[in-house]
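Colleague: Structure, please.
(one chain, ligands or ions: 2)
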Amino acid sequence: MLKKLLITGASGNLGVMCRTGLKPLAETIRLSDRDGVTDAASHEEIVHCDLADKDAVEALVEGCDGIVHLGGQSVEAPWDTVRSSNIDGVFNLYEAARKSSVTPRIVFASSNHAIGFHPQTERLDAKSLTRPDGLYGVSKVFGEAMASMYHDKFGIETACIRIGSCFPEPKNHRMLATWMSDRDFFALIERIFLVPSLGCPIIYGASANSGSWWDNREVAYLGWQPQDNAEAFRAKLDAQMDPPGKDDPNAVYQGGAFCADGIHEE
Ligand code: NAI
Ligand code: 15L
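Modeller: Ligands and ions are numbered 1, 2, ... in the order given. Below is the predicted model of the structure:
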C-alpha cells in the first residue's frame, strides 16, 4: 500500500472518478487541482496549485510515494494554454519528483492523440512511432519523453498510459475501439503500483474491446487484464446515430476528429 498518493487534476472527469476508485491504494490521498476540490475526508488532503508554478509543485510532490498525474490541458487548445499546463507543468512535476525526499512512482496520463494520425487500419504497440494529431498530442509526446529521460537518468519509474476514451460509455462509433471503463482504468493503476519493477512502459489505455487497434503484449508483465468490452454498447450507439462515413476522420484516423482540427490561435 502506498503511504501518500498524489492525484493531480482532481476536479476533472478522471480525477473525480479516481478520488473514490483509487482509495484502496493509499493510506492518504493528496488531491490537487487549480481549484474546485472540496470536502476532504479523513484520509484526504487538498492542495490547490497551478502546475505552472514550480515552487508550488515542489511542495505538492514532496513526501508522495505515488503520483497519478491527470492534471493538464485535456483537449486541443492555443499553444500558451497547452504549454503552461502540459509542457511547463510536466517539467515542474518531474523536477519536483527528482528533488523529493521520497522517489515517487508516477502514472502519466498520456493520450491516444500522441499516435492519432495512424490510420485505423494499423495495429500499434509500444514500439510504434508517435504521430501526434495536434498541439495537445505533441504535448503528450513531450510528457512521454520527459518520463523516459527521468527514468534513464534518475531511475524515476513512470507508466505512460495512452488513454483512449475513458467515459461512462462510448460516445460515438470510434470509441468502440478506444473506450476504457473506469474499473479497467482503476485495475490498471493498481497493477502499476503493485508490480515490483515497473520501468517506463508505454501502455494503451483501452478495455478489452473487440475492435481495438492496440496491442499491449509488451506490458504483459503488469498482469493487467481488462474486463470490459465496448461492443456491449454498439446496439445502443447504432440506435442513437449513424456510423461515420468512410472518409470521415472518425473512420479514418485513430485520433478521429482531432486530426481534422486546425491550430487554435489565441
Ligand atoms: P479534465 O479536463 O476533465 O481534467 C483535467 C484537470 O486538470 C482539470 O480539472 C483542470 O483544472 C486541471 N488542470 C489543467 N491545467 C492545470 C494547471 N495548469 N494546473 C493545475 N491543474 C490543471 O480531463 P480528464 O478527462 O479528467 O483527463 C485527465 C487526464 O487524462 C488529462 O491529462 C487528459 O489529457 C488525459 N486523457 C484523458 C482521456 C479521457 O478519455 N478522459 C483520454 C486521453 C487522455
Ligand atoms: C483525449 O485525449 C481527451 O482528453 C478526451 O477528452 C477524449 O477526447 C479522448 O482523448 C478521445 O480521443 O476520445
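
Colleague: tell me the contacts of residue 146?
Modeller: 90, 91, 94 (CB atoms under 8 Å, 6 or more residues apart in numbering). Using the backbone N, CA and C atoms, a C-beta is placed for each residue, glycine as well.

Colleague: Remind me what whichever strand or helix holds the first one packs against, helices and strands.
Modeller: Looking back up the chat, that one is residue 90. Secondary structure from DSSP states H and E places residue 90 in helix 89-99. If you count contacts as 3 or more CB pairs under 8 Å, 6 or more residues apart in numbering; DSSP states H and E, helix 89-99 packs onto helix 54-61, strand 66-69, strand 105-111, helix 135-154.

Colleague: and these as a markdown table, adding distance to ligand 1 and mean pLDDT?
Modeller: A markdown table is the format used below for the helices and strands packed on helix 89-99 (distance: least, CB to the nearest ligand atom, whole Å; pLDDT from 0 to 100):
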| stretch | distance to ligand 1 | mean pLDDT |
| --- | --- | --- |
| helix 54-61 | 9 | 98 |
| strand 66-69 | 7 | 99 |
| strand 105-111 | 3 | 99 |
| helix 135-154 | 7 | 98 |
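
Colleague: To residue 165, which of these lies closest?
Modeller: Residue 165 sits nearest to strand 105-111 of all those, at 9.7 Å, using CB to CB.

Colleague: tell me which element the residue lying closest to residue 36 once chain neighbours are set aside is part of?
Modeller: Leaving aside its chain neighbours, residue 36 sits nearest to residue 11 (3.6 Å; criterion: CB to CB, 6 or more residues apart in numbering). Per DSSP H and E, residue 11 falls between elements, in no helix or strand.

Colleague: Repeat that for the one 5 residues further on.
Modeller: Per DSSP H and E: residue 16 is located in helix 13-21.

Colleague: for residue 219, what are its contacts?
Modeller: Applying CB under 8 Å, 6+ apart, we find residue 219 in contact with 126, 201, 202, 203.

Colleague: Please read the previous query as pertaining to residue 136.
Modeller: Here residue 136 is in contact with 73, 74, 75, 76, 77, 82, 86, 111, 113, 258 (criterion: CB under 8 Å, 6+ apart).

Colleague: With residue 76 instead?
Modeller: With CB under 8 Å, 6+ apart, residue 76 has these contacts: 82, 134, 135, 136, 258, 261, 264.

Colleague: where does it land in three-state SS?
Modeller: coil (DSSP: H, G, I helix; E, B strand; the rest coil).

Colleague: pLDDT at it, what is it?
Modeller: Residue 76 is assigned 98 on the pLDDT scale.

Colleague: Tell me how many other residues surround the residue nearest to residue 36.
Modeller: Look at residue 11: counted by other CB atoms under 10 Å, it has 18 neighbours.

Colleague: With residue 119 instead?
Modeller: When counting by other CB under 10 Å, one arrives at 11 neighbours for residue 119.

Colleague: Find me the pLDDT at it, would you?
Modeller: 98.

Colleague: Am I right that residue 70 is in contact with residue 15?
Modeller: Yes. Residue 70 lies in contact with residue 15 (CB atoms under 8 Å); the separation is 5.1 Å.

Colleague: Could you check the angle the helix holding residue 90 makes with strand 105-111?
Modeller: On the basis of axes from the mean of the first three to the mean of the last three CA atoms, to 10 degrees, helix 89-99 is oriented at 170 degrees to strand 105-111.

Colleague: Report the buried residues of helix 89-99.
Modeller: Neighbour-count burial for helix 89-99, counted by 16 or more other CB atoms under 10 Å, picks out 89, 90, 91, 92, 93, 94, 95, 96, 97.

Colleague: Equivalent analysis for stretch 119-136, please.
Modeller: Residues of stretch 119-136 classed as buried by neighbour count (16+ other CB under 10 Å): 120, 124, 126, 130, 131, 132, 133, 134, 135, 136.

Colleague: out of the residues you listed, what pair is the most spread apart?
Modeller: 126 and 135 (23.5 Å).

Colleague: which non-adjacent residue is nearest residue 44?
Modeller: Computed as CB to CB, 6+ apart, the closest residue to residue 44 that is not its neighbour in sequence is residue 29, at 5.1 Å.
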